[in-house]
Structures are given as C-alpha cells and as structure tokens.
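[1] got a predicted structure here, sequence first:
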Number of protein chains: 2
Amino acid sequence: MSRRDRPATMEDVAARAGVSRALVSIVYRNAPGASEATRARILQAGAELEYRPDHRARLLGRQRTRLLGVTFDVRASFHGDLVEALYAAAEAAGYDLALSAAAPSRDETRAVQSLLDYRCEALILLGPQLRPSALAELAAVQPTVVVARKVRAKGVDVVRTDDADGLRQAVEHLVELGHREILHVDGGTAPGAAERRTGYRNAMRRAGLAPRIITGGPTEDDGAEAGRAIFEKSPDSTAVTVFNDRSAVGFLDAARQTGRRVPEDLSVIGFDNASIARLTHVDLTTVAQDVPELAALATQRAIGRLNGELSPPEQIAMPVLVSRTTTSHRADSSPIT
Amino acid sequence: MSRRDRPATMEDVAARAGVSRALVSIVYRNAPGASEATRARILQAGAELEYRPDHRARLLGRQRTRLLGVTFDVRASFHGDLVEALYAAAEAAGYDLALSAAAPSRDETRAVQSLLDYRCEALILLGPQLRPSALAELAAVQPTVVVARKVRAKGVDVVRTDDADGLRQAVEHLVELGHREILHVDGGTAPGAAERRTGYRNAMRRAGLAPRIITGGPTEDDGAEAGRAIFEKSPDSTAVTVFNDRSAVGFLDAARQTGRRVPEDLSVIGFDNASIARLTHVDLTTVAQDVPELAALATQRAIGRLNGELSPPEQIAMPVLVSRTTTSHRADSSPIT
DNA sequence: ATGAAAGCGCTAACAT
DNA sequence: ATGTTAGCGCTTTCAT
C-alpha cells in the first residue's frame, strides 16, 4: 500500500501520462476533445497513481458548483428516506448533494449557513421550521425548495404530498368496507395536519357522513392519549384515521390495552408508510407518501429555477393507500363498547 | 434585499475597508496581527456587504482542511443522535464536519469516496458494514475511526460502548429486584450481539444463576418471535434482557398479546435508550449508550491521530442503566404460566 | 500592523 | 487533438 503524504494531483497524472493538465482535466470531466488513445493513457496513469480529482478545487474553478444543499432533521426517519431518494435524483441530473443536519443543538439557520458557505447553487430544505420570512430571505439569494411542509413564502418552491387526497383515499377505503362511524385523530399543529383534517372532513361530507375530529398530535403519546379519549366518549365508532403512523402506533397500543381488537372491533389507518408501519406486529394500513416522486420533484424544481424556468410554487405528489391488516370489513354486529 | 448575482468576496471587503486582502483574511480567521481599530472597520465593511467566506476556497488555500468526514446510515435513528453529538464535539475542537449518507441505494464505499474527494483529514464511520480489509485500506490512507462496531482492522481506531458491562448492569439490576430466572434474547449476528451475550452469561454465572439464551435479532419482529418462543418453552422465567430497544418493543408486544403483564409478571430490559424506549406507552428500562461520550471519543481519536498520537485501538464508553417501568421487584407468588 | 505575492488544484477560454 | 494561460477566493509566507 502506497501511503503518499500527499494525494496525487492532476499535475502528477499529466506528468506521468506525458500530457498537459488541460487534457487530464478534459478526460476526468468526460468532456470531448481528447483522442481515445490519450484518454486511455491518461486514465491508466491516473489509476496507477490512485488519482482522484480534488472536489474542493473542482468546485472552486468551475463557474457552477452543481451542488444542491440539503438540510434535514436527524430525528425524523422520514427525512432519511428522502435523503436517500435525493441522492439518486440529484445524481441522475448531474448534480451533487451537500448534507447539513439540523438538530436540537444545531438549529436550521446554522445548517443553512454552512450550506451557503459551500456555495451550493440551490437549497432543498426538508420539513424546515424556519419562519416564512426567513425562507423568503433565503429564496431572495438563491433557489429554495421546501419539502414536506406547506408554506407560502415569496419565491419559495414547495414540494409536498397531497395530504387532503390521502385522507380522501383513507375515508373512501373505510366507507367501502362498510364503516360509517369514522373518526379522525388529527395532528394538532404539526405540518400537514390542517390539510389532512380538511381532506377528512370533505371526504366524510361527500359520503354523507358526519365528521368527528379528535385532537391529537404527531407522536405515539399523542395517539395513545387520543385513543383513550375516544374509547370513553365515542364507543360507537368502528374506524379511525390517524394523523400519521407514529401516532397511529400509539393509538393501536391504547386500543389493545383497553381490550379492543384491531381490526375486528376497530379499523385503523395511518399516514406516511413509515418503516414502523411495515413491521409484522404493527402491519398498519396507511397512506404512503411517494418518496422517490417527492425527491424527483424537489430536484427538478431546484434545477429548474437555476435554469431560469418559472413554475407554479407548489408541486404535489399523490399518495397511495397501502392496505394491511389494521382495516377490515365492518362487523355485522355492533362493536363492543 | 440586495440580490447580488455574485456573493461578496474578500476582495470586495478589503476594497470597502480600504485595506489589503491579507488583513481581511486575518480578521475572519480570528488570527492575531490586526489592530482593534482595523479589525472593527473590516468587520463592519464585511457586515455591510453580507460577506461570508467561501468555504471551498478556504479549504483549498489552507494546508489542513480541519474537516472530519462522517458516514452514517439514514435508516438508523441512533446514527442521527450520534451525528448531532459529533457536530458539537467537532466544533469544540475547531473542526468541521462533512456528512455523507449510506443507504440501500448508496453503498458505503461511495459514501466514503465522496468524503475523500473533499480531502477530509480523517474518517469517522458510524456502524460501517465494510469488511475489515477495506477498513484497513482506508486507514492506510488516513485516520479512520469506527464507531459502534467492534472490528479488528490494522490501523483502525474503534470507539464503542462496553456492551458486556451493559449486560452486567442489567443482570445485576434484575438480581437485586429478586429475579433468578433471567433470560437473554440475543441479537443474533448483529454488531454487539456477541459481546452482550458474553456479558450476560458471565454476569449470570457470577450471580450463581443459570444463563439461558434465546436466539433473536435486532428488529421488532425478532423480539416478538423470541417472545412467543419463550412463553411456550420457558414459562417460569420472571425477567428478560433483550438485545436492543427495538427488539424489546416487539417482545413487549408479544408478551402483552399473550396476556403477560409487564412488569407484574415479567420484567424486561432493553439496550440503547433509543427514542422509542422513552415513549410513555413503552417506558422501557434500558441500558443507555453514552452518545455524547462516544462522539467525544471519536473526534478525540481522529484528531489525536492527525497529531501523530498513538493510542490503544479501542476506546470504550461505559453505558448506564436507565430504570423505567418495565422492571419491578419479583412478585412473591409464582408467575402466571 | 499592514501589504505584496505566490500558491492551493482545479476549470475554461483561447491558441496552436 | 493538444497545450498555454488566466482565473476561482481564499491562506500564507515574507517584506515593509
């Protein structure tokens, strides 16, 4: 193993191949302008020296960095899924990703600043908590796309799931199964909660049913608490749509602890299709967000802006209902109360 | 809002403040060699131009990048916690972090390469799946520290939790509570599983008890499956140590579904103190990994290597038992079988 | 304390 | 097809 104290530079490769640096540059950028013969010779020399282009220098020299800056929350597993999909989408478009994490001890403003210092060309912010005015300021400096949060801020592109339609699908699914007493445990003030509430309400009305909404929240505990409230006050309901999967898991737990059987006594639907929903012992029917689509839309928007394209400020991905074992046909007998 | 097409450069600031670029550089690096007066004047000019040093150029010019490259798995929430702690630890030491995610569609080799291309000075790999030989190759090129995985590879530093001691604590806790029939649901071939198994076995022997190990794994489903096996074959046990929190949650679920009460009939202890263990409806007694300590050790090791310090290849952080509500004193009556 | 000038390792426009 | 040259925006000697 050759441990050089200094990694090989383009200069080294040029010398070894007996050509100029420019030619090496051309070859490593896959640019036209080098004969097949020299191309091969240069790559050979590069390989022998274990040459890898210095990314910093590359970015500096280049007029455009072709760098997309992404902020995400280390605690949100959904963001992990999105990051993965973004890598794929960005690469396909010839861009690179720079990651910057937000966390309780590292606020988003810092996360974004470090991205700007790298001279990213555009910003993709996953579920940002920044105020609309702060987002607008960013958008004034460079293309900014917000994913998974509905915000109206000047110049800011938004990519998100059609939350309302997700709840429409959930309600219709339950109606088809024969349910009529369908509740919604909402997400309180969490991102997307208002839209899902509205979607639920409208779908219920269209079905000629009376909407009933219980205050909840995004966490397991919120779902469990809402569950306990329901079992006291609304023992006649046979189906529940819950804000998200995390909350639904808490809800399921509360239901089982009070002796309800799912889905025999109660059908439950979550939202997100988070990994937790897929576990055998949960196996939650849920409304899946289209992660690859969200990622593709986000990069398209960012790159589109860079190319000066104008577009509607919102790009919507359609969710899909994933039917698992927490929903079933309404029992003929009235539910246990 | 002034939307310049080009961000302000050091040159711009120098011109505005009426000084040379070198002086501006000194000021923004907090280096000695500028009078208070000009320092203030320069910062003033910089602020007016909303100047932010170009990180790429800074890295290029500087001999040392003071960059620590970190790879992590987007799916592991524990990695999120570590990343957050690493930011803090690195900053305290005057270093910066470069993040690169590994995921099913983006293997670790790529993640590491992109870090190398940024000329990170050292690598911190969270729970890497790379083979020891691959790790050794990396270590030959630059300081490499592996976190949360026990590997022996030439030149590679390892920072991890004392898994065996964690199980010692868990067993002793249960013994103090009066339990004698204590089982261990292991992690199969998962990282750390072997060490935890050994720790359990030794602690049991020291206590004069007979170890009994059930094959499990790292996921909720593994835990649930192991639980069902136990309830059939070992109905006399009153306490269980489970490989990790995820698995413990599955185990708890299986226990409750078969009518066991926790902790009245059965005490359960997990490992990690993952966020899921802290949920109200789980409230799992567990062995907590010391995340800030792991992060501090990892950065210390990386930076220590850069400074030419030698050290034992393994740095061990001690875990701490967190007592919650899934453990209690052994019931006087024999357990329900 | 301040400034001039030479890189850092690339890209890219231009010349041959 | 290949080479020359001038940046990119900083850091870092070395003078003054």
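    Now that the structure is in, tell me what you want to look at.
[2] wait, what's in contact with A:Ala14?
    A:Ser20, A:Arg21, A:Leu23, A:Val24, A:Ile42 (C-beta atoms under 8 Å, 6 or more residues apart in numbering or on different chains). (Glycine included, C-beta is placed from N, CA and C.)
[3] my bad, A:Asp117
    B:Arg52, B:Pro53, B:Asp54, B:His55.
[4] out of those, who's near DNA strand D?
    Near DNA strand D, judged by C-beta under 7 Å from any atom of the strand, the entries from the contacts of A:Asp117 are B:Pro53, B:Asp54.
[5] out of the contacts of A:Asp117, which are inside strands?
    In this view, these have no member that belongs to strands under DSSP state E.
[6] between the contacts of A:Asp117, which is nearest DNA strand C?
    B:Asp54 (10.9 Å; C-beta to the nearest atom of the strand).
[7] quick one: the strands in chain A?
    Taking DSSP E as the criterion, chain A contains strands spanning A:67-73, A:96-102, A:122-126, A:144-147, A:157-161, A:182-185, A:212-214, A:239-242, A:267-272, A:285-288, A:314-317, A:320-322.
[8] which one of those is the most hemmed in?
    strand A:239-242 (a mean of 30; mean count of other C-beta atoms under 10 Å in any protein chain shown).
[9] rewinding a little: mind checking which of the contacts of A:Asp117 are buried?
    B:Pro53, B:Asp54, B:His55 (16 or more other C-beta atoms under 10 Å in any protein chain shown).
[10] between those, which is nearest DNA strand D?
    Nearest to DNA strand D among these, with distances taken as C-beta to the nearest atom of the strand, is B:Asp54, at 3.4 Å.
[11] phi first, then psi, for the residue nearest to that closest one when sequence neighbours are not counted.
    Leaving aside its chain neighbours, B:Asp54 sits nearest to A:Arg119 (6.1 Å; criterion: C-beta to C-beta, 6 or more residues apart in numbering or on different chains). Dihedral pair for A:Arg119: phi 60, psi 50, per degrees, to the nearest 10.
[12] isn't A:Thr280 right up against B:Asp221?
    Yes: if you go by C-beta atoms under 8 Å, A:Thr280 and B:Asp221 touch, sitting 4.6 Å apart.
[13] neighbour count for these two, which is higher?
    Each of A:Thr280 and B:Asp221 had its neighbours counted (other C-beta atoms under 10 Å in any protein chain shown), and the higher figure belongs to B:Asp221 (20 against 14).
[14] check the gap between the more buried one and B:Arg6 for me.
    Distance of B:Asp221 to B:Arg6, given as C-beta to C-beta, to the nearest Å: 55 Å.
[15] still on that earlier bit, make CSV from the strands of chain A and add mean pLDDT and distance to DNA strand D to it.
    Converted to CSV, these look like this (pLDDT from 0 to 100; distance: least, C-beta to the nearest atom of the strand, whole Å):
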stretch, mean pLDDT, distance to DNA strand D
strand A:67-73, 97, 14
strand A:96-102, 97, 17
strand A:122-126, 97, 17
strand A:144-147, 97, 21
strand A:157-161, 97, 26
strand A:182-185, 98, 51
strand A:212-214, 96, 53
strand A:239-242, 98, 50
strand A:267-272, 97, 42
strand A:285-288, 98, 44
strand A:314-317, 96, 31
strand A:320-322, 97, 45
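[16] would you turn these into CSV with distance to chain B?
    Listed next are the strands of chain A as CSV, based on distance: least, C-beta to the nearest C-beta, whole Å:
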stretch, distance to chain B
strand A:67-73, 8
strand A:96-102, 4
strand A:122-126, 12
strand A:144-147, 13
strand A:157-161, 17
strand A:182-185, 15
strand A:212-214, 17
strand A:239-242, 14
strand A:267-272, 15
strand A:285-288, 16
strand A:314-317, 19
strand A:320-322, 18
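[17] what about those strands, which gets the closest to B:Gln113?
    strand A:96-102 (12.1 Å; C-beta to C-beta).
[18] hmm, the closest one touching DNA strand C?
    No: Strand A:96-102 does not reach DNA strand C (C-beta under 7 Å from any atom of the strand); its nearest approach is 12.1 Å.
[19] for that strand, packing partners?
    For strand A:96-102, the packing partners by 3 or more C-beta pairs under 8 Å, 6 or more residues apart in numbering or on different chains; DSSP states H and E come out as strand A:67-73, helix A:77-92, helix A:108-117, helix B:77-92, strand B:96-102.
[20] name the residues that touch it?
    Contacts for strand A:96-102 (C-beta under 8 Å, 6+ apart): A:66-74, A:83, A:86-87, A:90, A:108, A:111-112, A:114-115, A:118, A:120, A:128-129, B:80, B:83-84, B:87, B:99-101, B:114.
[21] between it and helix A:77-92, how many degrees?
    Strand A:96-102 runs at 160 degrees relative to helix A:77-92, counting by axes from the mean of the first three to the mean of the last three C-alpha atoms, to 10 degrees.
[22] and strand A:96-102, how far out from the chain's middle?
    Centroid separation between strand A:96-102 and its chain, computed with C-alpha atoms, centre = their mean, to the nearest Å, is 14 Å.
[23] and A:Ala274, its phi and psi?
    Dihedral angles of A:Ala274 (phi, psi; degrees, to the nearest 10) stand at phi -70, psi 160.
[24] wait, I meant A:Gly259
    Torsion angles, degrees, to the nearest 10, at A:Gly259: phi 90, psi 10.
[25] and for the one 5 residues further on?
    Listed backbone geometry of A:Glu264 is phi -60, psi -50, with angles given as degrees, to the nearest 10.
[26] you'd agree it is up against A:Ser328?
    Yes: look at A:Glu264 against A:Ser328 with C-beta under 8 Å: they come within range, at 7.1 Å.
[27] what's the most buried one of the helices and strands packed on strand A:96-102?
    Of the helices and strands packed on strand A:96-102, strand A:67-73 is the most buried (mean count of other C-beta under 10 Å), at a mean of 26.
[28] partner strands of it, with direction?
    Strand A:67-73 has its sheet partners listed here by DSSP bridges as strand A:96-102 (parallel), strand A:122-126 (parallel).
[29] contacts for that strand?
    A:59, A:79-80, A:82-83, A:86, A:90, A:95-103, A:108, A:111-112, A:115-116, A:118-128, A:299, A:302-303.
[30] and the pLDDT at A:Ile336?
    Looking at A:Ile336, its pLDDT is 45.
[31] now swap in A:Arg330 and tell me
    On the pLDDT scale, A:Arg330 gets 92.
[32] again with A:Ser2
    46.
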